[in-house]
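Q: the sequence isn't on hand, but the structure is:
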C-alpha cells in the first residue's frame, strides 16, 4: 500500500479513537490481549523463523534476545495491554481552569495527538506496547519495524486488525509499514500531513537518523550510555549487586549499565571483586590502568566511554572524586540513566542535583528506568530530550492539550 494512503487511513481512523469512551477503549484492549494469548502457538512459530534467519545472518546475542519471543513474553505482552486498560484515561482531563477578571473561563484540556508513528528495530513487544498505549491515549498508530522482526510484527498487527474489526472498530487504528527500506522510512519521516509525532526506538544510529531527517516532530528516545559511580563510602556488596544487575540482567536494553566509575579511595577493595564478578558472568571488562592490573581486563579506549554497547561489555575507570565522576558523565552521557552508590547524603544530593539525565538514582540499578517499573503501566520509550516529555513515556506523554474558553458575550476592546 502507498505510504500516503497508510497515512490517510490512519488520520481517518484517529477521528474514531479520539471520540470513543474510556469503556470502549478498555473493552478493545482486553479483546486484543485475549486474542494475543489465543494465538501464542502461531506467534511463536513465526517468531522462530525470524530468530533463525537473524542467527544465520550473524546477529549478536543481545539483539537475538530482544527479538525472541516465548510463551512467557507473549503473555506479558497481553498482560501489558490489560494493565493499560486499568490505567486512568488521560483524555478529557482538565489540566487547569481559571476565570479571568472579564468573566472568561479559560481551561486547558488533555486531548489525543492524532496519529503517532513509531519506528523501531528488533523488539516485537513494542508492537503491542505502542499500539495499546496509543489506543488508550486516543490516537491511531503507524508502525515501522526492522526487517529482522518483519514476520512477527506482521502477524501481531494482523491479529490486532482482526480484533478491531471483529469488535466494530476501524482496523486502520493500527497499521504496519511492511517495506523496511531506508527510502520508505524517509518517506514516513515526511508525512507531515498525516503523522502528528514520530517516536524512534532502537539504536543510537536509528534515533539519530530519524532526528536528522524527519520533518515530522520527533520525540527522541532510547540512547542509553548509562553510568554507575561507586563513591568512596559505598557499601561494596550493594555496589557489586547493582553493577551486576545493571550490566548482565538484560545487556541489550537501553537502561543497561555501560560505564562504571569508581572513587580511588575504594578502588583497592572494590575493583578486584567487581571485575572478578563481571568476568565470571562473561562480561568483557575494558578498563583504565587501575582496572588493567586485574587479569583479563582489556584496555579501554577513549571511544569506549562514548559507546552504548548493548552487549556483555563494560567500560571502567577509577576517578579521583565525585567532581571527576560528574564531569565524566556530563561529557559522555546520552542523558538516559545514571546511578551513584554511596552512604554519604551530601554526595547523593550533589549527584541528583548536578547530573543532568532523565533518571538519576541513588543506591539502585539503572534497570528500573521503565514505565512499568515506575508504575505507569506499559511505556512507549524513554525520552532523553527535554521538550514535552522526559524519562519513561506513559499515557500522558502521548497526549497534547488544547485551550477551551467559555464566554458570555465578551469582546476585546
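A: Perfect, thanks for sending it. For clarity, every value in this text was computed on a predicted model and none was experimentally measured. Numbers count the residues shown, from 1 in each chain.
Q: who's in contact with the worst-scoring helix or strand of the chain on mean pLDDT?
A: Ranking every helix and strand in the chain by mean pLDDT, DSSP states H and E puts helix 61-67 at the bottom, with a mean of 82. With contacts defined as C-beta atoms under 8 Å, 6 or more residues apart in numbering, helix 61-67 is touched by 47, 50-51, 54-55, 59, 121-124, 148-149, 152, 250-253, 310-312. Quick note: C-beta positions are derived from backbone N, CA and C, even for glycine.
Q: and that helix, what's buried?
A: 62, 63, 64, 65, 66, 67 (16 or more other C-beta atoms under 10 Å).
Q: C-terminal to it, what's the next element?
A: helix 71-86 (DSSP states H and E).
Q: distance between the least confident helix or strand of the chain and the chain's centre?
A: 16 Å (C-alpha atoms, centre = their mean, to the nearest Å).
Q: now tabulate the buried residues of helix 61-67 in CSV and tack on distance to residue 113.
A: Compiled in CSV, these are given as follows (distance: C-beta to C-beta, whole Å):
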residue, distance to residue 113
62, 32
63, 30
64, 33
65, 31
66, 26
67, 28
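Q: ok, so of those residues, who is nearest residue 35?
A: Nearest to residue 35, judged by C-beta to C-beta, of those is residue 67 at 21.9 Å.
Q: how about the closest residue to that closest one other than its chain neighbours, secondary structure?
A: Spatial nearest neighbour of residue 67, chain neighbours left out: residue 122 (4.5 Å); criterion: C-beta to C-beta, 6 or more residues apart in numbering. Recorded secondary structure, residue 122: coil (DSSP: H, G, I helix; E, B strand; the rest coil).
Q: circling back to that earlier point, now, which of the buried residues of helix 61-67 sits nearest residue 246?
A: Nearest member of the buried residues of helix 61-67 to residue 246, counting by C-beta to C-beta, is residue 62, at 14.2 Å.
Q: I'd say residue 210 and residue 198 touch.
A: Yes: under the criterion of C-beta atoms under 8 Å, residue 210 makes contact with residue 198 at 6.5 Å.
Q: what is in contact with the two at once?
A: With C-beta under 8 Å, 6+ apart, residue 210 and residue 198 have common neighbours 119, 189, 218.
Q: now do the domain split for this structure, please.
A: As given by automatic domain parsing, the domain ranges for the chain are 3-221+380-406, 226-368.
Q: mind telling me which of those domains the model trusts least?
A: Ranked by mean pLDDT, the domains of the chain end with domain 3-221+380-406 at the bottom, a mean of 93.
Q: now do that one: distance from first to last residue.
A: By C-alpha to C-alpha, to the nearest Å, the extent of domain 3-221+380-406 from end to end equals 40 Å.
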